[in-house]
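Visitor: need a structure here:
(chains A and B)
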Protein chains: 2
Amino acid sequence: MNIISERLKALRKAMETANVDAWYISGTDPHAGEYLPARWKTRAFISGFTGSFGMVVVTKTEAGLWTDTRYFLQAENELTGTEIKLHKLRVPEAVSPEEWLAKQLESGAVVGIDPQTISVNGFRQLKNTLGKKSINLVETADFFENIWENRPPLSTDLVFDFPAVYCGYSRTEKHKQIAALLERNGADFHVISTLDELAWFFNLRGSDITYNPVFTGFGLVDKNEMHLFVDPGKLPEKLFSQLKTENVQVRDYDTFYPFLSKIKGKRIFIDPSSANYSIYSELYAENEMVEGTSLIAILKAIKNNTELDGFRQTMIYDGVALVEFLFWLKNSVGKMRLTEYSVGRKLKEFRSKQPNFKDESFTPIVGYKAHGAIVHLSVTEENALEIGPEGMLLFDSGGQYLTGTTDITRTVALGHVTEQQKKDFTIVLKGMIGLTLAEFPFGTKGCHLDILARKPMWENGMNYGHGTGHGIGHFLYAHEGPMAIRQEYNENRIEPGMVLSNEPAFYREGEYGIRTENMIVCVEKQVTPFCQFFGFETLSLCPIDTSLVIREMLTTLEINWLNEYHRKVNNQLKPQLDTDLHGFLDELTKEI
Amino acid sequence: MNIISERLKALRKAMETANVDAWYISGTDPHAGEYLPARWKTRAFISGFTGSFGMVVVTKTEAGLWTDTRYFLQAENELTGTEIKLHKLRVPEAVSPEEWLAKQLESGAVVGIDPQTISVNGFRQLKNTLGKKSINLVETADFFENIWENRPPLSTDLVFDFPAVYCGYSRTEKHKQIAALLERNGADFHVISTLDELAWFFNLRGSDITYNPVFTGFGLVDKNEMHLFVDPGKLPEKLFSQLKTENVQVRDYDTFYPFLSKIKGKRIFIDPSSANYSIYSELYAENEMVEGTSLIAILKAIKNNTELDGFRQTMIYDGVALVEFLFWLKNSVGKMRLTEYSVGRKLKEFRSKQPNFKDESFTPIVGYKAHGAIVHLSVTEENALEIGPEGMLLFDSGGQYLTGTTDITRTVALGHVTEQQKKDFTIVLKGMIGLTLAEFPFGTKGCHLDILARKPMWENGMNYGHGTGHGIGHFLYAHEGPMAIRQEYNENRIEPGMVLSNEPAFYREGEYGIRTENMIVCVEKQVTPFCQFFGFETLSLCPIDTSLVIREMLTTLEINWLNEYHRKVNNQLKPQLDTDLHGFLDELTKEI
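Guide: Got it, this is the predicted structure:
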């Protein structure tokens, strides 16, 4: 019997004891994180599948893993030799785990889930789908606690202070802002359940999660007090005292749910898209729940001037590292052995030399030729392609700097490229410029703007299968909400101060991929008798490969934008760049 | 005591008997109609307010009318001398009737509503808002039945057959289409509650509602049978027999709810945005409700080839009438007394001479100078402005033809106009052309496309406060769903065969208004390896006033579109136009 069989057997025993016919493993943690600490890699533990997205469902007789196109090959390999069947999502005729459960189980059956591991909205949707077949959804304990021997503990890494000199406002000032928003929303308490909101609100950072400078904890804020639930061992003595003087009540992480259960007769603000169902479960019966987009998420997304100045400074560091990288790349390709993997490491090396650099903000995606068309490419030292002096290289990378988080993609020619490649590159560039030049009134949402990046593509019968822009944190997550620029409806407005990516792309499967990504910030443009108008300022400072641009396909407006952008890149980077590279920078940023 | 006081007194007595503290009058009818039959003009009966939009709420001590900006003046006048207070909607700090009720009433209070007069979604939202303050919402009888002496009966006008030669498919064929959709959606029955869906599905038309060729009734369809609930006196003998041979069960209108109450253990498809709450109330306890956009509304919106050919033919009739009107207007203005009202009547006169014309599709909106800036202008013979040989005239009008419904707006110069007016006109035109030329993949929704009509406006700090496009029925409602092109999210995709308006506009309050509206139909463009692409074909055939166009502001693409459009208008209209008008048409459609 292999290890997965043993684990499934143990799980089924726990299910039997708890009287559930099926158990739903969402694959997430209590903080709705994109990246998980070892303790919460429950999907990998129970199934052996190590991809970053997937749900596992186990019944008395069946077990299945649901994941999407990115992971079909990997999942098939990793599930080999287990009883777990692969169910494909995001394909025509896909059957969701809940639909599958509804078919497998008799009406009256009981499905269990650890409510810590699913959002309030997720729980409701699951309950609703199962309920239509009279199947019950019940909250269970975390069965992994008993069946996972040597389950990794939570990180004990220290938390550190992230002072107002970087983030703009003190804890006391942020508390006042939230208190005012609570008042306006008629609520007494705001629950903080995601780690980036927690880090942002308390001006603290940590290193519990790879690429994300956050720490594990919960928060609860009312108009008078701030409660921080965290393993006290993670707080250095001095910081602990400091927090105390600032009216922060530090409580043990494990006391969070018991603390909630004692709150009665209050109005509690939660974001049902991120708060886990245990939180709701502890509160809803004795309190009035006020639901909406997290007020902290919105405040966090609207960067203040200190954060924006930090971002602008960061872009110079990041841009210098990228120009140094491009110079190295140009002088190395065809002359030494380069692979997608080694190039990724080199990106980190150049960034590491920059001031305030703490880490990468995600694993670099470096795709050469056909690999460029794999959106969520993940190469290892072993399977990385070797890079030579021809075709195109796509690299998507970023850094965590104390002064801001970066995320940028460029696609560059390494030698001969085809006219088709240039045409496709130019169309993607037109889309990126189209969104950059947007002017839009107060109230505009991401789904309204998305078409500006796609229009030139649609006019040529092309498209890309992902969103155009995501929010980006300040020394926090490289992907943050609540707003986004994509086709899917998202009720959150695009407002001044929000920092987003602008990354239209085009992929020819088996041939090549093109993506050009800048970070942009929403800014005020003008106030007229008809409305207040906003637009975007580009933050990223890195040349766009003009050797891939077909000038005749651009409008005068687009040409002017590109030339002005390159003038700005040149002006801002040159003073920080080694004089040996000035000629190279001039060449990269010359007028078209 | 005036008549309104007497009516309120009678209503309060009925409320007391029924033990409700407040009664909510939605102002709509059981069929969610935009235009109401006399019997359902309950808002006007109880308040004296005759506008087309508003809610009335009556408590034991207070009474209020809620309406929007269009009607503030009219409401103030009409409510004078009554105890009813005007509450303004769509203004900053507006308080909705339910919010007002939540403030006025103690918790535990009871609000009543006639569930026939509110959609399922509307009822839920009301219940939810009141529930937050522990105020109960209950279903009551239609109190107007007792307090409204001589309440007008429903129309007894005859229903007539609308054969497949006009509408493309026989009842039997439509029944098969719906049966297949019911199967696919796992439902046994489809409820038909709106009058346009009823008329469309049964290939019948009537004249119960001004401008809308529909009749009062309900429908219920399962895979085997079609039930039509209608006053049998409205069906001519021959039609009655015909329906019987086609498997249509004709039942009395009044037996609809009792019939529903006998259905048990079935899966019933309803559209909660249009089905009234009484329908839901009769069904939900004993059946499984399947909720979604009405399958009939979607089928109806996607016009078949017979309907589309009819529309194309109709546009020639309508275009000829409009060119005759423009010729008359040019030769009359400054030479005889013209008013907005008389010009509106003239529009009807020219359309009336066209083949298959049955009626206007709505009251023409004719706005001269500053009146053009009033979006929902409603002039009477008395308050209409006199029209002279200067400035701009906006006219928005349409006809009900057996071969299709039309809706078109043009803004024309009657003499001297300013450069600002030309600039604004050109910007609106750029927006209309921008949407016309859209190319977009399968899955695109109206909220994605709306920006194409607004972009030139936003770039000039301008905007308009209404949607860009609404669906248009085929010899049915001039406004139909389920899709729309506007900022607000609407989950329904824009698909080939859907007929919509394209009507960007710009209004300078107190000065002038500009709107250019064509009808467009979504068509297939191309299939590429990346997606299936759609676009629009313009249906309306009427010259756009080129004397208002600043050519230099248009791109080559826009100029080409305008010239091609005018060539098409010229080619299609000339053969049907009196030869005396050929020169005039040539002049209106000459190249810029």
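Visitor: doesn't A:Gly471 make contact with A:Ala301?
Guide: Yes. With contact defined as Cβ atoms under 8 Å, A:Ala301 reaches A:Gly471; the gap is 5.4 Å. Yep, even glycine has a C-beta here, placed from its N, CA and C like the rest.
Visitor: where do the contact lists of those two overlap?
Guide: Common neighbours of A:Ala301 and A:Gly471 (criterion: Cβ atoms under 8 Å, 6 or more residues apart in numbering or on different chains): A:Glu480, A:Gly481, A:Pro482, A:Met483, A:Met498, A:Val499.
Visitor: Residues touching the helix or strand that contains A:His566, excluding its own?
Guide: Element membership of A:His566, judged by DSSP states H and E, is helix A:556-573. Contacts of helix A:556-573 with the rest of the structure, by Cβ under 8 Å, 6+ apart, involve A:315-316, A:319-320, A:323, A:429-430, A:433, A:436-437, A:538, A:541-544, A:546, A:549, A:551, A:554, A:585-586, A:588-592.
Visitor: Tell me how many other residues surround the residue lying closest to A:Val248 once chain neighbours are set aside.
Guide: Of all residues not flanking A:Val248 in the chain, A:Met226 sits nearest, at 4.8 Å (Cβ to Cβ, 6 or more residues apart in numbering or on different chains). A:Met226 has 24 neighbours, counted by other Cβ atoms under 10 Å in any protein chain shown.
Visitor: residue contacts, A:Met226?
Guide: A:Arg171, A:His175, A:Phe201, A:Phe202, A:Gly219, A:Leu220, A:Asn247, A:Val248, A:Gln249.
Visitor: Return the item of those residues having minimum pLDDT.
Guide: Lowest in pLDDT among the contacts of A:Met226 is A:Asn247, which has 91.
Visitor: Quick check: the gap between that residue and chain B.
Guide: Computed as Cβ to the nearest Cβ, to the nearest Å, the A:Asn247 to chain B distance reads 31 Å.
Visitor: Kindly report the residues of chain A close to chain B.
Guide: A:132, A:288, A:439-441, A:443-444, A:447-452, A:458-459, A:461-463, A:487, A:489, A:526, A:528, A:530-531, A:533 (Cβ under 8 Å from any Cβ of the partner chain).
Visitor: Are any of those buried, and if so which?
Guide: Among those, those buried by neighbour count (16 or more other Cβ atoms under 10 Å in any protein chain shown) are A:439-441, A:444, A:447-452, A:458-459, A:461-463, A:487, A:489, A:530-531, A:533.
Visitor: In the helix holding A:His566, which residues are buried?
Guide: A:Glu558, A:Ile559, A:Trp561, A:Leu562, A:Tyr565, A:His566, A:Val569, A:Asn570, A:Gln572, A:Leu573.
Visitor: ok, then the element right after that helix?
Guide: helix A:582-588.
Visitor: pLDDT averaged over that next one - what is it?
Guide: pLDDT averaged over helix A:582-588 gives 98.
Visitor: Other residues contacting it?
Guide: A:323, A:326-327, A:330, A:543, A:545-546, A:566, A:569-570, A:573-574, A:577.
Visitor: buried sites along that helix?
Guide: Buried residues in helix A:582-588 (16+ other Cβ under 10 Å): A:Phe584, A:Leu585, A:Leu588.
Visitor: With respect to chain B, which of the residues you listed is nearest?
Guide: A:Leu588 (30.5 Å; Cβ to the nearest Cβ).
Visitor: measure the closest one to A:Ile520 for me?
Guide: Separation of A:Leu588 from A:Ile520 (Cβ to Cβ, to the nearest Å): 21 Å.
Visitor: same check, this time on A:Ser378
Guide: 27 Å.
Visitor: Give me the more crowded residue out of those two.
Guide: When neighbours are counted by other Cβ under 10 Å, A:Ser378 and A:Ile520 differ, and A:Ile520 comes out ahead with 24 against 13.
Visitor: part of a helix, is that one?
Guide: No. Counting by DSSP: H, G, I helix; E, B strand; the rest coil, one finds A:Ile520 to be strand, located in no helix.
Visitor: What count of nearby residues applies to the closest residue to it other than its chain neighbours?
Guide: Spatial nearest neighbour of A:Ile520, excluding adjacent residues (Cβ to Cβ, 6+ apart): A:Phe536 at 4.2 Å. Burial of A:Phe536 is recorded as 24 neighbouring residues (other Cβ under 10 Å).
Visitor: Now that A:Phe536 has come up, it's in contact with A:Ala438, right?
Guide: Yes. Using Cβ under 8 Å, A:Phe536 makes contact with A:Ala438 at a distance of 6.2 Å.
Visitor: Can you check what pLDDT the model gives the residue in the stretch 1-150 of chain A that chain B sits nearest to?
Guide: Among the residues of the stretch 1-150 of chain A, A:Lys132 lies closest to chain B, at 7.3 Å counting by Cβ to the nearest Cβ. In this prediction, A:Lys132 carries a pLDDT score of 80.
Visitor: contacting residues for A:Tyr540?
Guide: No Tyr there; residue A:540 is Ser. A:Ser540 makes contact with A:Met315, A:Asp318, A:Gly319, A:Thr406, A:Ile408, A:Glu517, A:Asn518, A:Met519, according to Cβ under 8 Å, 6+ apart.
Visitor: Distance of it relative to A:Met392?
Guide: 19 Å.
Visitor: ok, now A:Thr245?
Guide: 56 Å.
Visitor: Which one's more surrounded, the two?
Guide: A:Met392 (25 against 7).
Visitor: For beta bridges, what are the partners of that one?
Guide: A:Ala413 (DSSP bridges).
Visitor: That one reaches A:Gly367, doesn't it?
Guide: No. Here A:Met392 lies out of contact with A:Gly367, judged by Cβ under 8 Å, at a distance of 9.0 Å.
Visitor: Between these two, which contacts overlap?
Guide: Going by Cβ under 8 Å, 6+ apart, no residue sits against A:Met392 while also sitting against A:Gly367.
Visitor: Can you list the low-confidence ranges for chain A?
Guide: A:1 (pLDDT under 70).
Visitor: So which residue is smack in the middle of it?
Guide: By Cα atoms, centre = their mean, the mean C-alpha position of chain A lies nearest to A:His479, the distance being 2.7 Å.
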